[in-house]
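>>> sharing a model that was predicted from the sequence below.
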Amino acid sequence: MLTKKRSLWGALAGVVIAVIWVGLGGAAVGIAVGLAALGWGIGTILDNPDGLIKLLERLKDR
């Protein structure tokens, strides 16, 4: 197993989806980078939920 980090698995999932999408037509590089970044961001939030909780609490206090 490569790693247990959800952010890396999310990025990998984004790349796989992009490759499938490209098989159906589209801009490979833009899709791969965009979905990988989205997967990385979601995985990072899932790995560190305290940061998201603090952000939401700050927004609530405004």
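All right, it came through fine. Residues are numbered from 1 along each chain as shown.

>>> quick check: buried residues in the lengthiest helix in the chain?
The helix spanning the most residues in the chain, taking DSSP state H as the definition, is helix 28-47. Residues Ile31, Ala32, Leu35, Ala36, Gly39, Trp40, Ile42, Gly43, Thr44 are the ones in helix 28-47 that count as buried (16 or more other Cβ atoms under 10 Å). All C-beta spots, glycine's among them, are computed from the backbone N, C-alpha and C.

>>> which of those sits closest to Ile17?
In terms of Cβ to Cβ, no member of these lies closer to Ile17 than Leu35, at 5.4 Å.

>>> check the gap between that closest one and Glu57 for me.
Taking Cβ to Cβ, to the nearest Å as the criterion, Leu35 is separated from Glu57 by 30 Å.

>>> packing partners for the longest helix of the chain?
Other helices and strands packing on helix 28-47, by 3 or more Cβ pairs under 8 Å, 6 or more residues apart in numbering; DSSP states H and E, are helix 6-23.
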